[in-house]
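Trainee: no sequence for this one, just the structure:
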């Protein structure tokens, strides 16, 4: 049982739900990690560690041979997938622990993670240049493999039990939601966590029902005032044109001015905005988008001597309903000049 030192720190800005979670954490033993439902973030992180440890053990064995196997470098490079694992730990789990005032374990792990990622990158670059360099780096590889494996034990013994003590169900659902976009390391995508999937659907339904509130546009990943959105779009360096499902021009942002976009064109059929000889091409493209035969098309061409990329994308909602098409036009002169230096 935790003692009085586990009381809620007075300076923490906690929500009522987090305060309740801290009180629960002070009164409970470590949860049974093995009993977590499939797809739970901790279950996934542990599965990644188990799969990585199998690779580490094999590499550690081969690293001590007089001559490492021919595929040693390739298998070592595959360890870079640990960056995905650490990203989820560092971006999703540790920040939540910080909110509860639990900083010590995270600070130490973050420092060690950074050091190991740096060493992993150094050795990987050398092995990419010459696989035979594995012999030269044998001692450093041994140390790195031991460090990576030690970190899996620390996560299992410290990080995971701590996070399970403190985080509420809703916080775990949010971690699960973000982790999906980050992917997995060393394992195939896990089966869905049913409770979290139900939460995600409820969140999506609520977001869909609420599009404008308190003067701000409500989006699945946050909210923006219209003037904030307009200011941001002016900085994108990409001309954007949106055509609705009825093929009418509804919106454009034309900071690059690669093509003329008069405001008088707004509300018109898109076919009226193109030369006659181009209209059949536009009609066929939009027909393909609507029928889902294609969902994008890219055109690269020089316009007025400048390298221009034009991308057309079909726009569908979450249910697959066709909403329209968007065109992105970008001048790549600056980007090409940078890479040609």
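Mentor: Perfect, thanks for sending it. Because the structure is a prediction, the values reported are computed rather than measured.
Trainee: Quick one: low-confidence residue ranges for the stretch 101-250 of the chain.
Mentor: Within the stretch 101-250 of the chain, not a single segment meets pLDDT under 70.
Trainee: change it to 80
Mentor: Low-confidence segments of the stretch 101-250 of the chain, defined by pLDDT under 80: 207-210, 220.
Trainee: Tell me where it has helices.
Mentor: Using DSSP state H, counting those that start in this stretch, the helices found in the stretch 101-250 of the chain span residues 104-129, 138-154, 160-166, 169-182, 194-209, 226-233.
Trainee: For the chain, which segments count as strands?
Mentor: Using DSSP state E, the strands found in the chain span residues 212-213, 216-219, 222-225, 239-244, 249-253, 296-303, 306-316, 322-331.
Trainee: Walk me through which strands the second one pairs with, and which way each runs.
Mentor: Read that as strand 216-219. strand 212-213 (antiparallel), strand 222-225 (antiparallel) (DSSP bridges).
Trainee: circling back to that earlier point, tabulate the strands of the chain (CSV), appending mean neighbour count and distance to residue 120.
Mentor: Yep, even glycine has a C-beta here, placed from its N, CA and C like the rest. CSV is the format used below for these (neighbours: other Cβ atoms under 10 Å; distance: least, Cβ to Cβ, whole Å):
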stretch, mean neighbour count, distance to residue 120
strand 212-213, 10, 45
strand 216-219, 14, 36
strand 222-225, 12, 33
strand 239-244, 19, 39
strand 249-253, 16, 41
strand 296-303, 11, 35
strand 306-316, 17, 34
strand 322-331, 18, 34
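Trainee: Need these in TSV (columns: distance to residue 147).
Mentor: TSV is the format used below for those (distance: least, Cβ to Cβ, whole Å):
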stretch	distance to residue 147
strand 212-213	48
strand 216-219	40
strand 222-225	37
strand 239-244	46
strand 249-253	48
strand 296-303	43
strand 306-316	43
strand 322-331	43
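Trainee: May I see the buried residues of stretch 195-202?
Mentor: 196, 199-200 (16 or more other Cβ atoms under 10 Å).
Trainee: actually stretch 41-60, sorry about that
Mentor: In stretch 41-60, the ones that count as buried by 16+ other Cβ under 10 Å are 41-49, 51-53, 55-56, 59-60.
Trainee: Which of those residues fall within helices?
Mentor: Mapping the buried residues of stretch 41-60 onto helices (DSSP state H) picks out 41-49, 51-53, 55-56, 59-60.
Trainee: Farthest-apart pair in those residues, please.
Mentor: 41 and 60 (27.7 Å; Cβ to Cβ).
Trainee: quick one: contacts for residue 94?
Mentor: With Cβ atoms under 8 Å, 6 or more residues apart in numbering as the criterion, the residues that contact residue 94 are 106, 109-110, 159.
Trainee: just these now: which is nearest residue 334?
Mentor: Nearest to residue 334, judged by Cβ to Cβ, of the contacts of residue 94 is residue 110 at 35.3 Å.
Trainee: Can you get me a residue count around the closest one?
Mentor: By the other Cβ atoms under 10 Å criterion, the neighbourhood of residue 110 contains 15 residues.
Trainee: My guess is residue 141 contacts residue 76. True?
Mentor: Yes. Counting by Cβ atoms under 8 Å, residue 76 is a contact partner of residue 141 at 7.1 Å.
Trainee: so what sits against both of the two?
Mentor: 59, 123, 134.
Trainee: can you list the residues you listed in CSV and add distance to residue 171?
Mentor: Output for the shared contacts of residue 141 and residue 76, formatted as CSV (distance: Cβ to Cβ, whole Å):
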residue, distance to residue 171
59, 35
123, 36
134, 42
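Trainee: Tell me, how many residues neighbour residue 280?
Mentor: 11.
Trainee: For it, list the residues it contacts.
Mentor: Counted by Cβ under 8 Å, 6+ apart, residue 280 has zero contacts.
Trainee: What spatial separation is found between it and residue 261?
Mentor: In this view, residue 280 and residue 261 are 22 Å apart by Cβ to Cβ, to the nearest Å.
Trainee: what do you get for residue 72?
Mentor: Residue 72 is 56 Å from residue 261, by Cβ to Cβ.
Trainee: Likewise for residue 243?
Mentor: 12 Å.
Trainee: again, but for residue 47
Mentor: 50 Å.
Trainee: before we move on, what about residue 171?
Mentor: From residue 171 to residue 261 the distance is 45 Å (Cβ to Cβ).
Trainee: again, but for residue 201
Mentor: 38 Å.
Trainee: Over to residue 100?
Mentor: According to Cβ to Cβ, residue 100 stands 50 Å off from residue 261.
Trainee: of the two, who's got more company?
Mentor: The residue with more neighbours, out of residue 100 and residue 261, is residue 100; 22 against 19, by other Cβ under 10 Å.
Trainee: Wait, that one touches residue 163, no?
Mentor: No. Applying Cβ under 8 Å, one finds residue 100 not in contact with residue 163, separated by 9.4 Å.
Trainee: hang on, the earlier thing: and of the strands of the chain, who's closest to residue 67?
Mentor: Closest among the strands of the chain, using Cβ to Cβ: strand 296-303, at 47.0 Å.
Trainee: what does the closest one rub up against?
Mentor: By Cβ under 8 Å, 6+ apart, strand 296-303 touches 258, 285, 307-314.
Trainee: one more time with 10 Å, if that's ok
Mentor: For strand 296-303, the surrounding residues in contact (Cβ atoms under 10 Å, 6 or more residues apart in numbering) are 258-259, 281, 285, 288-289, 307-314, 325-329, 331-332.
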